[in-house]
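> quick one, what's the 3D model for this:
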Amino acid sequence: MESKKLTDEQLVLNFQGGDSNAYEVLVRRYRDKIIHFIFGYVRDMTAAEDLTQDTMFKFYIKKDSYREVAKFSTWLYTIAANLAKTELRKLKRRKTDSFTDINKRTERLFDIPAPEEKNDNLRDELIMESIMALELEFRNIIILRNIQELSYESISKILQLPLGTVKSRLNRGRLKLAEILKNKGVTN
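Coordinates of the predicted model:
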């Protein structure tokens, strides 16, 4: 069977058995998703790309520790979340400007057009910008659920939160996002 048609779990088993092509397929499947997920934490694309490489390297090194008791995606996102959280702790200890502060300063340099001038691409950019404006606890859940389309259970495992907390934060995050979008003139 062609490796692109195999499930993630089958590919991991193949990789654990020595098939390096299976690893490459998994990296291609998840690289962009992991970058966007980590970007939700660090809000810096270069750092997100670096941490994604670290995630894939850790997957490569720790491949034998994966067991099929959880979905591969949950396991991989957990690695990514842990690396992102570690990076945030390092940044706080350095006491330098956070990526958020730097982004806020650069965002002020650009004017956002009036709502009637927005095309679909600009609308999408405003939605993503609005998601990034949310607090971390809401932002990551919205990214995992609405952009990455993961289940509540997977999100619960990745973020190590009770299922009820995931659902309530998702609901509150969506309400906050709707308010931000409304203030920017973006409507359904």
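> any idea of the pLDDT on Pro113?
Note for Pro113: predicted pLDDT of 45.
> the one 3 residues further on now?
Glu116 carries a pLDDT value of 45.
> repeat that for Ser98.
Predicted confidence (pLDDT) for Ser98: 45.
> now do Ser3
Per-residue pLDDT puts Ser3 at 65.
> and for Tyr77?
Note for Tyr77: predicted pLDDT of 94.
> show me the domain layout of this structure.
With domains defined by automatic domain parsing, the chain comprises 1-95, 111-188.
> spatially central residue for this protein, please.
The centre of the chain sits closest to Phe37, judged by C-alpha atoms, centre = their mean, with a distance of 1.0 Å.
> rewinding a little: which one of the domains of the chain has the lowest average pLDDT?
Looking at the domains of the chain, the bottom one is domain 111-188 with a mean of 80.
> name the helix or strand for Glu129, please.
Per DSSP states H and E, Glu129 falls inside helix 120-133.
> distance from the chain centre to that helix, please.
Distance of helix 120-133 from the chain centroid (C-alpha atoms, centre = their mean, to the nearest Å) equals 15 Å.
> over to stretch 155-174?
Relative to its chain's centre, stretch 155-174 lies at 14 Å (C-alpha atoms, centre = their mean).
> ok so, going back, can you give me the angle the helix or strand harbouring the residue nearest to the centre of the chain makes with helix 120-133?
Per DSSP H and E, Phe37 falls inside helix 20-42. With axes from the mean of the first three to the mean of the last three C-alpha atoms, to 10 degrees defining the directions, helix 20-42 sits at 70 degrees from helix 120-133.
> could you list every helix and strand in contact with helix 20-42?
helix 8-16, helix 45-61, helix 72-94, helix 120-133, helix 136-142 (3 or more C-beta pairs under 8 Å, 6 or more residues apart in numbering; DSSP states H and E). Heads up, the C-betas are built off the backbone N, CA and C, glycines and all.
> burial count for Ser130?
A count of neighbours around Ser130, defined by other C-beta atoms under 10 Å, yields 21.
> quick one: it and Val186 touch, right?
Yes. At 7.4 Å, Ser130 counts as touching Val186 under the criterion of C-beta atoms under 8 Å.
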